[in-house]
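A.B. asks: pasting the structure only:
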Ligand SMILES: O=C(O)CCC(=O)C(=O)O
Ligand SMILES: [Fe+2]
């Protein structure tokens, strides 16, 4: 299936919306290659990423019908976990994926990509679309928790990483997520019985994550098991 330029632009815009509206993110001073091996750099980077995440959190609060501190009041500070991905050169990229199709269980994921190697792909209308890295920028991906809390208004993006024959690639994913004991479910402000009835049940975040990881990365609707109609 062909992907039109308009679709590609739209995906790019959604995926990088925050980057475009907040030019400070464009000047992010870290790159994946500058981080591994330096504890101070990782800590500094993590503190900077947290600032971006908090700004996102405040903006999403407003988008979900709350004031800027709404989500924070409801569920406290965001926690943070970092995963460093290393994809070695691979002689058969046609047979080997770097990471299988999935969505992230987080509230948001902020991804620092290798500037020179394209590996990330997102699924749009059943087609895998490559996401070209923009130097010194963070890529923002909506995670499962946000899809659930927004009652499906902000959708997760299924993504994967491919391998390549020429260059290894590094990416650093910072996942920000609620406290384990926090219940996640559609916010009252996102439920409208006539236009957008409640789509997900409430679930404790730690239970959501346990259930998610008990399933294989199947590359399809990752939030299905908390959808009310799938019961
Ligand atoms: O390496 C990438 O571009 C994607 C990594 C990813 O999706 C993840 O770590 O969850
Ligand atoms: Fe991911």
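C.D. replies: Received it, and whenever you're ready, just let me know what you need. If you're wondering where the values come from, they're calculated on a predicted model, not measured in any experiment. Ligands and ions are numbered 1, 2, ... in the order given.
A.B. asks: what does the chain have sitting close to ligand 1?
C.D. replies: 83, 85, 99, 104, 111, 113, 119-120, 159, 161, 171, 173 (Cβ under 6 Å from any ligand atom). Placement of C-beta: from N, CA and C, glycine included.
A.B. asks: all strands for this structure, in order.
C.D. replies: In the chain, the strands defined using DSSP state E lie at 79-87, 97-102, 108-113, 120-124, 127-130, 138-142, 159-162, 169-177, 183-184, 203-204.
A.B. asks: Quick check: mean pLDDT of the longest helix along the chain?
C.D. replies: Of all the segments assigned as helix in the chain under DSSP state H, the longest by residue count is helix 39-63. Throughout helix 39-63, pLDDT has a mean value of 88.
A.B. asks: same check, this time on stretch 179-193
C.D. replies: 93.
A.B. asks: what about that stretch, distance to the chain center?
C.D. replies: Averaging C-alpha positions (Cα atoms, centre = their mean, to the nearest Å) puts stretch 179-193 18 Å from its chain's average.
A.B. asks: which residues touch it?
C.D. replies: Stretch 179-193 is contacted by residues 64-66, 74-76, 79, 145, 148-153, 178, 196-206, 208-209 when judged by Cβ atoms under 8 Å, 6 or more residues apart in numbering.
A.B. asks: Show me what counts as buried in it.
C.D. replies: 182, 184-187, 190 (16 or more other Cβ atoms under 10 Å).
A.B. asks: one step back: looking at the strands of the chain, which is buried most?
C.D. replies: For the strands of the chain, the largest average neighbour count (mean count of other Cβ atoms under 10 Å) is found in strand 108-113, namely a mean of 25.
A.B. asks: about what we covered before: return the members of the contacts of stretch 179-193 classed as buried.
C.D. replies: For these, a burial check counting by 16+ other Cβ under 10 Å picks out 64, 66, 74-75, 79, 145, 148-153, 178, 198-200, 203-205, 208-209.
A.B. asks: Okay, and which of those residues map to helices?
C.D. replies: When DSSP H defines the helices, the subset of those inside them is 74-75, 145, 148-149, 205, 208-209.
A.B. asks: of those, the lowest pLDDT goes to which?
C.D. replies: Within those, residue 75 has the lowest pLDDT, namely 78.
A.B. asks: Let me see the contact set for that one.
C.D. replies: 178-179, 182, 184.
A.B. asks: Tell me how far the closest residue to residue 141 other than its chain neighbours lies from residue 229.
C.D. replies: Excluding the flanking residues, the one nearest residue 141 by Cβ to Cβ, 6 or more residues apart in numbering is residue 109, at 4.4 Å. Separation of residue 109 from residue 229 (Cβ to Cβ, to the nearest Å): 27 Å.
A.B. asks: Please apply the same query to residue 196.
C.D. replies: 14 Å.
A.B. asks: Same question for residue 58.
C.D. replies: The gap separating residue 58 from residue 229 is 32 Å, by Cβ to Cβ.
A.B. asks: More neighbours: the two, which one.
C.D. replies: residue 58 (17 against 8; other Cβ atoms under 10 Å).
A.B. asks: Tell me which entries of the buried residues of stretch 179-193 lie within helices.
C.D. replies: Using DSSP H, none of those sit in helices.
A.B. asks: Let's have those residues in JSON lines, adding distance to residue 40.
C.D. replies: Output for the buried residues of stretch 179-193, formatted as JSON lines (distance: Cβ to Cβ, whole Å):
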{"residue": "182", "distance to residue 40": "31"}
{"residue": "184", "distance to residue 40": "34"}
{"residue": "185", "distance to residue 40": "39"}
{"residue": "186", "distance to residue 40": "40"}
{"residue": "187", "distance to residue 40": "38"}
{"residue": "190", "distance to residue 40": "40"}
